[in-house]
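# Take this sequence and fold it.
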Amino acid sequence: MDAELYLQRAASHCTAQGSRLTPLRRKILQLALAQSGLVKAYQLLHCLQAERGLDNGVVAPPTIYRALDFLVAHGFLHRVDALNAYVVCPHFACEHDGIMLVCDHCGQVQEVDATHSLGSLWQQCHQHGFQPHQRDLVLTGTCQQCQTA
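Here you go, the predicted model:
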């Protein structure tokens, strides 16, 4: 994925939505794009503080979480609650339900668009009066690369 192109598209998307990809939000998204697979909030905090150095002030955890909430709300990241982590969404411009395939061995994450296949699950939830808060599912297992290694 071309990180610079992604960031440009993200900024345009925010503008079209009437919001801003501030320098801090952009930086956090850029740091998330630089990671492979899952990224944790404190990992981003550490990277940001190391990059800024002591001269530019300390970044507090609430600042990171507010930025992450914004990035999730705009579809740039998915929050993987089961793993207390985030993953970059490669196709943020469309609304979709995803399945996150997380490898237990190498940590690689692959997102699968499962909008059509999860429809019956959401319908069953509604029939039972249950309203899911998050529409992304996580499956853990072993990726193809680790299986062949």
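
# Mind listing residues that contact the worst-scoring helix or strand of the chain on mean pLDDT?
In the chain, no helix or strand scores lower on mean pLDDT, DSSP states H and E than strand 109-113, which sits at a mean of 84. Residues from elsewhere that reach strand 109-113 (Cβ atoms under 8 Å, 6 or more residues apart in numbering): 37-38, 78, 80, 87, 89-91, 96-103, 143. For glycine as for every other residue, the C-beta is placed from the backbone atoms N, C-alpha and C.

# Show me what counts as buried in stretch 38-45.
By neighbour count on 16 or more other Cβ atoms under 10 Å, the buried set for stretch 38-45 is 38-39, 41, 43-45.

# Same question for stretch 82-98.
83, 85-89, 92, 96-98.

# closest to residue 123 among those?
Relative to residue 123, the closest of those is residue 97; by Cβ to Cβ it sits at 12.3 Å.

# and the residue nearest the centre of the chain, what is it in contact with?
Nearest to the mean C-alpha position of the chain, by Cα atoms, centre = their mean, lies residue 77 at 2.4 Å. Listed by Cβ under 8 Å, 6+ apart, the contact set of residue 77 reads 29, 32, 68, 71, 86-89.

# just residue 85 next, same as before
Residue 85 is in contact with 38-40, 79, counting by Cβ under 8 Å, 6+ apart.

# Show me what it bridges to in the sheet.
In this entry, residue 85 is beta-bridged to residue 80, by DSSP bridges.

# ok, it to residue 122 distance?
As for residue 85, its distance to residue 122 is 24 Å (criterion: Cβ to Cβ, to the nearest Å).

# Under the pLDDT cut-off, which ranges of the protein? List them.
53-57, 134-135 (pLDDT under 70).

# in it, which spans are helices?
3-16, 23-34, 41-52, 61-73, 119-127, 144-148 (DSSP state H).

# Take these and lay them out in TSV including distance to residue 111.
Shown next, in TSV, are the helices of the chain (distance: least, Cβ to Cβ, whole Å):
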stretch	distance to residue 111
helix 3-16	14
helix 23-34	14
helix 41-52	19
helix 61-73	14
helix 119-127	17
helix 144-148	15
